[in-house]
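Q: just coords:
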């Protein structure tokens, strides 16, 4: 579906630029945009490699297990369908740790692994259980202590203080997390009443 949307946007841009006689502007925008995209990727690569390496060191040294242990009382209450020592909950903890460190790129494969592990223990078949829904909510809220990706983007764009956004990131991510948990609990209770 997304491919069709992109195709529609590209074809519409070409047609509109032909009608308005602005093909030169379109060509310049396409080549300039591609050049800026490559520059952005190169400038972000170093920061992303650094934090992905930090995440790998955290995994190997047991820091992620320590964070998982610290998070286990909270996660046990939020996701009661799985044992805190299960592979699913370890993957959930690793995903949350990556998100806390602001490593969205590292968190994505961990989140996919966590969801696969959760699905293998799901008693509802193809229908997600409450813990799976809660995981999606927590993952989407993406609470971050160190927004590495956002800071890398700001630095690549020329910001002299790329980490000046920290307090705002903390406030918005905690707010999104609390609202998401509240909504998931509220709608989960309504769903149980409707099913019961």
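A: Done, it's in. Note that the coordinates shown come from a computational prediction; the quantities given were computed from them, not determined experimentally.

Q: distance between the longest helix belonging to the chain and the chain's centre?
A: Identified as the longest helix of the chain according to DSSP state H is helix 23-61. Using Cα atoms, centre = their mean, to the nearest Å, the distance from the centre of helix 23-61 to the centre of the chain it belongs to is 17 Å.

Q: tell me the angle the next helix or strand after it makes with helix 23-61.
A: Next helix or strand after helix 23-61 toward the C-terminus (DSSP states H and E): helix 63-78. Orientation of helix 63-78 against helix 23-61 (axes from the mean of the first three to the mean of the last three Cα atoms, to 10 degrees) gives an angle of 100 degrees.

Q: what lies in contact with helix 63-78?
A: 55, 57-58, 84, 89-90, 92-94, 96-97, 100, 131, 134, 138, 181 (Cβ atoms under 8 Å, 6 or more residues apart in numbering). For every residue, glycine as well, the C-beta is placed using N, CA and C.

Q: hang on, residue 156 packs against residue 37?
A: No: the criterion here is Cβ atoms under 8 Å, and residue 156 misses it with residue 37 at 11.0 Å.

Q: gap between residue 160 and residue 97?
A: Per Cβ to Cβ, to the nearest Å, residue 160 is found 30 Å from residue 97.

Q: higher neighbour count, these two?
A: Each of residue 160 and residue 97 had its neighbours counted (other Cβ atoms under 10 Å), and the higher figure belongs to residue 97 (23 against 7).

Q: correct me, but that one touches residue 55?
A: Yes: Residue 97 is within contact range of residue 55, at 7.5 Å (criterion: Cβ under 8 Å).

Q: where do the helices sit along this protein?
A: 2-20, 23-61, 63-78, 87-100, 104-120, 130-141, 148-156, 166-195.

Q: which residue, other than its chain neighbours, is closest to residue 26?
A: Once flanking residues are discounted, residue 26 sits nearest to residue 17: 4.0 Å by Cβ to Cβ, 6 or more residues apart in numbering.

Q: got a list of what that neighbour touches?
A: Residue 17 makes contact with 23, 25-26, according to Cβ under 8 Å, 6+ apart.

Q: for the nearest residue in space to residue 87 that is not next to it in sequence, give its distance to residue 89.
A: Excluding its sequence neighbours, the residue lying closest to residue 87 (Cβ to Cβ, 6+ apart) is residue 117, at 5.0 Å. Residue 117 sits 8 Å away from residue 89, taking Cβ to Cβ as the criterion.

Q: how many other residues sit next to residue 147?
A: Residue 147: 23 neighbours (other Cβ under 10 Å).

Q: what sits against it?
A: By Cβ under 8 Å, 6+ apart, the contact list for residue 147 reads 102, 163, 165-166, 169.
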